[in-house]
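> Fold the following and give me the result.
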Amino acid sequence: STSELDDKIIALYARGMTTRDISATLHEMYAMTVSADTISQVTDRVLPLVKEWKHRPLDAVYPIVWLDAVHVKLRHERRVLARPVYVVLAVDL
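Predicted coordinates:
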């Protein structure tokens, strides 16, 4: 079971915020001081669930599938390369 604060931390983390960003956001919004270490402890508790979700079996058929890619520039061996980041969204039955 998680507390309301844990749920807020996990939601911010799921949106891609760093532990320090989450700490700063909680301080700005609620005047609450939560260390980055405490935030890490909360997010580490959901890692087994994330791993389970990533390794779940997929359906054999998805009637609707959207595919897209965003090209981002990355620095690699003194060069800047455009690399695609693929996004796939599927709707099951």
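> and residue 49, what pLDDT?
In this model, residue 49 is scored at 88, pLDDT.
> distance of it from residue 57?
Residue 49 sits 16 Å away from residue 57, taking C-beta to C-beta, to the nearest Å as the criterion. C-beta coordinates here come from the backbone N, C-alpha and C atoms, glycine included.
> Same drill for the two, tell me which one is more crowded.
Legend: neighbour count by other C-beta atoms under 10 Å for residue 49 and residue 57, higher for residue 49 (10 against 5).
> Can I get the helix or strand that one falls within as CSV, trimmed to CA atoms?
If you go by DSSP states H and E, residue 49 is part of helix 36-54. The C-alpha trace of helix 36-54 is given here as CSV (Å, rounded to 0.1, in the frame of the first residue of the first chain):
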residue,chain,number,x,y,z
ALA,A,36,16.3,12.9,-3.2
ASP,A,37,17.3,9.8,-1.3
THR,A,38,13.8,9.4,0.1
ILE,A,39,12.3,9.9,-3.3
SER,A,40,14.7,7.2,-4.7
GLN,A,41,13.5,4.8,-2.0
VAL,A,42,9.9,5.4,-3.1
THR,A,43,10.5,5.0,-6.8
ASP,A,44,12.7,1.9,-6.2
ARG,A,45,9.6,0.1,-4.7
VAL,A,46,7.8,0.2,-8.0
LEU,A,47,10.7,-1.1,-10.1
PRO,A,48,9.6,-4.7,-9.7
LEU,A,49,6.1,-3.8,-11.1
VAL,A,50,7.7,-1.9,-14.0
LYS,A,51,9.9,-4.9,-14.8
GLU,A,52,6.9,-7.2,-14.6
TRP,A,53,4.9,-4.9,-17.0
LYS,A,54,7.8,-4.8,-19.5
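> and the helix or strand following it, average pLDDT?
Counting by DSSP H and E, the next helix or strand C-terminal to helix 36-54 is strand 64-76. Averaging pLDDT along strand 64-76 yields 93.
> Distance from the chain centre to strand 64-76, please.
When distances are taken as C-alpha atoms, centre = their mean, to the nearest Å, strand 64-76 is centred 16 Å away from the chain's centroid.
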